[in-house]
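J.: Everything below, folded, please.
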Amino acid sequence: MIDQIKGLHHVTSMAANARVNNAFFTDVLGLRRIKKTVNFDAPDVYHLYYGDEIGTPGTVMTYFPFPHIARGRPGTGEVGTTVFAVPQGSLPYWADRLTKKGVTGVTPSETFGEKRLSFNGPDGDGFALVETVDDPRTPWTEGGISADHAIRGFHSVAMRLRDAGATSELLGFMGYDTLETRDGVTRLLVPGASAAGVIDIETLPDAPGSRQGAGSVHHVAFAVDNRAAQLEVRKALMDTGYQVTPVIDRDYFWAIYFRTPGGVLFEVATNEPGFERDEERAHLGEALKLPQQHKHLRPILEQQLEKLD
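T.: Numbering: from 1, shown residues only. All right, here's what the predicted structure looks like:
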């Protein structure tokens, strides 16, 4: 069994408009844009990162805003909801804030005894806020939201699958414990995680499959401390029969990818080297940063890419 996984590292989704996406995460949710770079495989498309002050693993939401991409179709075989943690007692503030900002789908509920507030992103993305107690993470408070209410980082992701069995078994191999099942949703938790350690799996045997597009989660990444731990995870997965990519340098972390039995793309990402490797902390997310192989494209990309605030 794998014991190197520390919880979630980041979640990467797709959007249709970079400016709208940037405004939603910085102005509505109050997160910090910590990196403005481009898609490694499509350099004419931004890769935008949002999170806490320094992009601590477990706080980082990232986006590929493909201009004019069609909206995704929700269904099985995907991460349906990305859930953020907020302080206990803060949901009334958020309900009021999101409503005033014109956010749709704002709906209070309770799941596994936790108060939560569901809402939609600009492209129909599925999000929720969950009240938590004693979250040790320091929030970004320069986005106009006080520490009493600000997002701490991820609480969990919720996958929608036709059959949860094989993916639950995989997560068990990755070190997650199954806590309980309620109303068709199974909750798993990685032991020792102080935050961002929860995965929910909703079983929908008769639901249609999803189609990726704007508003869809592209992949979910799990955190390991370093490259040595990542190589151990890669070997263990491959020994079990999973087809895992070679290690890929993503500038701010090293990554490996593999497809789960339920169809969701998993990544295992290192906590090193972090987002301060090419920008000072005070200026994270301000300048356009390009991977080495795309640096020669800077004059073209600076003209083509949409300007962001």
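J.: Downstream of the helix or strand encompassing His155, the next helix or strand is which one?
T.: According to DSSP states H and E, His155 maps onto strand 153-161. Where DSSP H and E defines the elements, the next helix or strand beyond strand 153-161 is helix 165-173.
J.: show me the contacts for Ile54.
T.: Ile34, Gly274, Phe275, Glu276, Arg281, Leu284 (CB atoms under 8 Å, 6 or more residues apart in numbering). Where you see a C-beta, it was placed from the backbone N, CA and C, and this is true even at glycine.
J.: out of these, which are inside strands?
T.: Counting by DSSP state E, these place Ile34 in strands.
J.: Give me the buried entries from the contacts of Ile54.
T.: Those of these that meet the buried threshold are Ile34, Phe275, Leu284, by 16 or more other CB atoms under 10 Å.
J.: tell me the secondary structure for the closest residue in space to the first one that isn't next to it in sequence?
T.: Read that as Ile34. Of all residues not flanking Ile34 in the chain, Gly55 sits nearest, at 4.1 Å (CB to CB, 6 or more residues apart in numbering). Classification of Gly55 using DSSP: H, G, I helix; E, B strand; the rest coil returns coil.
J.: Including pLDDT, could the buried ones among the contacts of Ile54 go into a markdown table?
T.: Below are the buried ones among the contacts of Ile54 laid out as a markdown table (pLDDT from 0 to 100):
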| residue | pLDDT |
| --- | --- |
| Ile34 | 98 |
| Phe275 | 98 |
| Leu284 | 98 |
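J.: okay if I get the contacts of Ile54 as JSON lines plus distance to Ala158?
T.: Formatted as JSON lines, those follow (distance: CB to CB, whole Å):
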{"residue": "Ile34", "distance to Ala158": "24"}
{"residue": "Gly274", "distance to Ala158": "27"}
{"residue": "Phe275", "distance to Ala158": "26"}
{"residue": "Glu276", "distance to Ala158": "31"}
{"residue": "Arg281", "distance to Ala158": "32"}
{"residue": "Leu284", "distance to Ala158": "29"}
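J.: closest to Asp183 among the contacts of Ile54?
T.: Distance ranking of these against Asp183, using CB to CB, places Ile34 first at 36.0 Å.
J.: on that earlier part again, any idea which of the buried ones among the contacts of Ile54 is the one closest to Arg97?
T.: Ile34 (21.8 Å).
J.: okay, Trp140: pLDDT?
T.: Looking at Trp140, its pLDDT reads 98.
J.: residues contacting it?
T.: Gly30, Leu31, Arg32, Gly51, Asp52, Glu53, Ala150, Ile151.
J.: do you know how far it is from Ala150?
T.: Using CB to CB, to the nearest Å, Trp140 is found at 7 Å from Ala150.
J.: Ok, Arg211 next?
T.: 34 Å.
J.: More neighbours: which of those two?
T.: Ala150 (23 against 14; other CB atoms under 10 Å).
J.: Who are the contact partners of the residue nearest to the more buried one when sequence neighbours are not counted?
T.: Take Ala150 and drop its neighbours on the chain: the residue closest to it by CB to CB, 6+ apart is Pro139, 3.6 Å away. Pro139 makes contact with Asp52, Ile145, Ala147, Ala150, Ile151, Arg152, according to CB under 8 Å, 6+ apart.
J.: what do you get for Trp254?
T.: Arg227, Gln230, Val247, Ile248, Ala269, Thr270, Glu272.
J.: Next: Asn271.
T.: Asn271 touches Lys6, His9, Pro57, Ala223, Val224, Asp225, Asn226, Phe253, counting by CB under 8 Å, 6+ apart.
J.: What is the nearest of the contacts of Ile54 to Glu306?
T.: Closest to Glu306, out of all of those and judged by CB to CB, is Ile34, at 18.7 Å.
J.: Wait, that closest one touches Val60, no?
T.: Yes - look at Ile34 against Val60 with CB atoms under 8 Å: they come within range, at 7.2 Å.
J.: who touches both of those two?
T.: Tyr49, Tyr50, Gly51.
J.: wait, which of the residues you listed is closest to Arg234?
T.: Looking across those and measuring by CB to CB, the closest to Arg234 is Tyr49, at 23.7 Å.
J.: From Thr59, how far out is the closest one?
T.: For Tyr49 relative to Thr59 (CB to CB), the value is 10 Å.
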